[in-house]
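*Asks:* Everything below, folded, please.
(one chain, ligands or ions: 1)
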Amino acid sequence: MPEHFDAIVVGAGPAGSTAARELAAAGARVLLLDREHFPRYKACGGGIPRRTARVLPFPLDPVVEDEVSLLDIAWRGRCRFVRDSGEPFAAMVMRDRFDALLLDYAQRAGAEFRQGSPVRTLEAAPAGVSVTTEGGFSAGAQFLIAADGAHSPVGKMAGLGAGLAECAAYEVEVRAPAHRVRANRATAFIELGFRPWGYAWVFPKAEVLSVGIVLPPDQAGTMKQQVSAYLQRLGLGGAPVDISRGHKIRFRRGAERIADDRVLLAGDAAGLADEFTQEGIFYAIESGRIAARAVLRALAGQAPLFAYQRDIDRELMPELRAARLIAHMFYGMLGRFPGPWLLATRALPYLWDAFFAVQRGESTYAREVHRVPILPAMAQRRLAQT
Ligand SMILES: Cc1cc2nc3c(=O)[nH]c(=O)nc-3n(C[C@H](O)[C@H](O)[C@H](O)COP(=O)(O)OP(=O)(O)OC[C@H]3O[C@@H](n4cnc5c(N)ncnc54)[C@H](O)[C@@H]3O)c2cc1C
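*Replies:* Modelled structure (predicted):
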């Protein structure tokens, strides 16, 4: 007989490890499965907005490689200017160490972890769910959380997450000369000027510079070449690259189904990433918490599991919708009037100050959108045209 759990969580990224930790800490019997062996590399800039620390009950210090308070913005190498947040607005991590820390806390709370275990089949019945991994291990549970990332094979098996939008991102870990790594400390570099939207970045880490790009999905094929050109512009064309990898990011824009009676999706699997910055770690952790709460409620017979979708609609979607409006307004103006628009955001620092406040957890996109009453109307008009 396969072992039986209260909940199975597939995927030990930020969403899955958070859900598993919260469930185990509340006394549930939890199995956490991941196809990889940990610590594992994840293509990611590793920029963790400061507000993330506020929703985790343990310090991130052991894995923080740098903290950034400066934002260096340029348009294709021109119109360059720097904004200062006054205090750190984001921590910089390498995802192998960050995810291993979150996993460690899930295991300490009592979650059972099986690595190197790709889930290959899922059966959901009125009485519960069961999974089989490559290698033939099987287990059953009352409920399943699919936190298996943007491709979400398990979400697809459950028939959830159809119709989510997506974009493409690519990351290279550059072993830049030590003086360049030092010179980049405390600064996040953002390069604009990609059409119709997108940006490239350089994020400082202890030993490397994480350089990447995010673009609409139809430009995925150009990402490698665009990052090479960016590295050339940075004078890092010849620097050795430790690792380079692309991955997609998904966005939930409407009422796409992310839960049923037995299975729910969390993090990237549910498309919970922000369309202004394309960040997803904060929302992965938040949705992991909300998912654990929904499973505990369902285990206690207080509400059906699919009520999770309503929770996400109420607690996360207003913020993600506001981020989308800001993205449309920002990239719309940048596309039409790049120089004047950047000069305007430099002269009237409202936009960047608001961005810093959101990153630090002192404001939200939703609040900032409503502080500029013309913004929703402008962005809505643009959204209606796309
Ligand atoms: C290039 C790039 C740069 C990014 N930069 C940033 C950034 O700087 N800041 C930020 O906030 N966000 C960033 N993001 C987004 C961020 O990486 C994601 O939003 C975040 O990782 C989502 O976490 P998650 O737990 O939902 O999924 P993931 O972190 O993707 O974890 C999913 C896990 O599921 C496992 N899995 C998948 N399939 C199976 C299976 N069949 N069986 C078992 N396990 C399985 C995987 O091995 C993985 O460990 C970036 C994304 C990309 C692609």
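
*Asks:* Please identify the buried residues of stretch 167-176?
*Replies:* For stretch 167-176, a neighbour-count test (16 or more other Cβ atoms under 10 Å) marks Cys167, Ala168, Ala169, Tyr170, Glu171, Val172, Glu173, Val174, Ala176 as buried. All C-beta spots, glycine's among them, are computed from the backbone N, C-alpha and C.

*Asks:* So which of these belong to strands?
*Replies:* Among the buried residues of stretch 167-176, the residues falling in strands (DSSP state E) are Cys167, Ala168, Ala169, Tyr170, Glu171, Val172, Glu173, Val174.

*Asks:* Quick check: the gap between the fourth one and Lys248.
*Replies:* Plainly put, Tyr170 is 10 Å away from Lys248 if you go by Cβ to Cβ, to the nearest Å.

*Asks:* Most proximal residue of the stretch 51-200 of the chain with respect to the ligand?
*Replies:* Gly149 (3.0 Å; Cβ to the nearest ligand atom).

*Asks:* helix, strand or coil for that residue?
*Replies:* Three-state call for Gly149 (DSSP: H, G, I helix; E, B strand; the rest coil): coil.

*Asks:* That one reaches Pro14, doesn't it?
*Replies:* No. Using Cβ atoms under 8 Å as the test, Gly149 is too far from Pro14 to be in contact (10.3 Å).

*Asks:* more crowded one of these two?
*Replies:* Legend: neighbour count by other Cβ atoms under 10 Å for Gly149 and Pro14, higher for Pro14 (31 against 25).

*Asks:* Quick one: residues contacting the more buried one.
*Replies:* Contact analysis of Pro14 by Cβ atoms under 8 Å, 6 or more residues apart in numbering lists Phe98, Asp99, Leu102, Gly267, Ile281, Ala284, Ile285, Gly288.

*Asks:* Mind putting those into CSV with neighbour count, distance to Ala139 and secondary structure?
*Replies:* Shown next, in CSV, are those (neighbours: other Cβ atoms under 10 Å; distance: Cβ to Cβ, whole Å; DSSP: H, G, I helix; E, B strand; the rest coil):
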residue, neighbour count, distance to Ala139, secondary structure
Phe98, 25, 27, helix
Asp99, 26, 22, helix
Leu102, 25, 22, helix
Gly267, 32, 21, helix
Ile281, 25, 28, helix
Ala284, 28, 23, helix
Ile285, 23, 25, helix
Gly288, 31, 20, helix
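
*Asks:* Asp72 is in what secondary structure piece?
*Replies:* strand 70-75 (DSSP states H and E).

*Asks:* Parallel or antiparallel, which strands does that strand pair with?
*Replies:* Strand pairing for strand 70-75, determined by DSSP bridges: strand 78-84 (antiparallel), strand 187-192 (parallel).

*Asks:* So it, near the ligand or not?
*Replies:* No. On the criterion Cβ under 6 Å from any ligand atom, strand 70-75 is out of touch with the ligand, staying 13.4 Å away.

*Asks:* chain center to that strand: distance?
*Replies:* Relative to its parent chain, strand 70-75 has a centroid offset of 21 Å by Cα atoms, centre = their mean, to the nearest Å.

*Asks:* can you list contacts of it?
*Replies:* Around strand 70-75, the neighbours that count as contacts under Cβ under 8 Å, 6+ apart are 80-85, 89, 186-193, 334, 338-339, 342, 352, 355-356.

*Asks:* Using ChimeraX, define a selection of the buried residues within these.
*Replies:* Buried residues within the contacts of strand 70-75, by 16+ other Cβ under 10 Å, are selected in ChimeraX with:
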select :81,83,85,89,187,188,189,191,192,193,334,338,342,352,355,356
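
*Asks:* From one end of stretch 10-29 to the other, what's the distance?
*Replies:* Criterion Cα to Cα, to the nearest Å; first-to-last residue distance in stretch 10-29 is 14 Å.

*Asks:* List the buried residues of that stretch.
*Replies:* 10-26, 28-29.

*Asks:* Check stretch 158-169 too.
*Replies:* Ala158, Leu160, Gly161, Leu164, Ala165, Glu166, Cys167, Ala168, Ala169.

*Asks:* Show the low-confidence segments of the stretch 101-250 of the chain, by residue range.
*Replies:* Along the stretch 101-250 of the chain, no part satisfies pLDDT under 70.

*Asks:* Around the ligand, which positions in it sit nearby?
*Replies:* 118-119, 147-149, 153-154, 169-171, 212, 247, 249.

*Asks:* now, among the residues you listed, which is nearest to Val263?
*Replies:* Nearest to Val263 among these: Val154, at 7.9 Å, using Cβ to Cβ.

*Asks:* In the stretch 1-150 of the chain, mark out all the helices, start to finish.
*Replies:* For the stretch 1-150 of the chain, the helices defined by DSSP state H, counting those that start in this stretch occupy 14-25, 95-109.
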